[in-house]
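[1] no letters, just coordinates:
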């Protein structure tokens, strides 16, 4: 449970009230070291993200065109053909991008998994482990 500590170290005059700070103590912090290539992959993001965006856009357009084809009557055959083309292209490309996203979606998860595997299990020691944490700074009053 968080404990409350006054901000000022010296007692406040009776006419003013001290601000209370609630602080939760963190018992341990795990630090992961990563390589430059892994950092670049995390920064650039997964190429699968853009594939999913295209798949959603194309499939939404295709189904909108399908609904228009089913519910509307077209006086001009060119307009109806345009909706049919939008439906066909959107469905084919949207399905392609959806399958490509499904195959590539694990790339960022794999990078994070490789980094996490470097952490030794509890109880084993590595350089840097067991170094005492720096004490928290006391508020300046």
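    Sure thing, it's come through. Keep in mind that what you see is a predicted model, and the values were worked out from it rather than measured.

[2] and what about residue 122, helix, strand or coil?
    Three-state call for residue 122 (DSSP: H, G, I helix; E, B strand; the rest coil): coil.

[3] what about it, how many residues nearby?
    For residue 122, the neighbour count with other C-beta atoms under 10 Å is 6. (Glycine included, C-beta is placed from N, CA and C.)

[4] quick check, central residue of this protein?
    With distances taken as C-alpha atoms, centre = their mean, residue 45 lies nearest the centre of the chain, 9.6 Å away.

[5] residue 108 is in contact with that one, correct?
    Yes. In this structure, residue 45 is within contact of residue 108 by C-beta atoms under 8 Å, at 7.2 Å.

[6] which stretches of the chain aren't confidently modelled?
    The chain contains residues with pLDDT under 70 at 1-17, 123-141.

[7] what about the helices in it?
    36-44, 47-71, 77-104, 107-117 (DSSP state H).

[8] what's the burial count for residue 93?
    17.

[9] in TSV: the helices of the chain, plus distance to residue 22.
    Shown next, in TSV, are the helices of the chain (distance: least, C-beta to C-beta, whole Å):
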stretch	distance to residue 22
helix 36-44	33
helix 47-71	38
helix 77-104	44
helix 107-117	31
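
[10] phi, psi for residue 28 please.
    Here is the backbone geometry of residue 28 (degrees, to the nearest 10): phi -150, psi 160.

[11] and the gap between it and residue 117?
    Taking C-beta to C-beta, to the nearest Å as the measure, residue 28 falls 19 Å from residue 117.

[12] who has more neighbours out of those two?
    Neighbours per residue, other C-beta under 10 Å: of residue 28 and residue 117, the larger number sits with residue 117, 9 against 6.

[13] quick one: buried residues of stretch 84-95?
    Residues of stretch 84-95 classed as buried: 86, 87, 90, 91, 93, 94 (neighbour count, 16 or more other C-beta atoms under 10 Å).

[14] wait, which of the residues you listed is closest to residue 62?
    Nearest to residue 62 among the buried residues of stretch 84-95, counting by C-beta to C-beta, is residue 90 at 3.0 Å.
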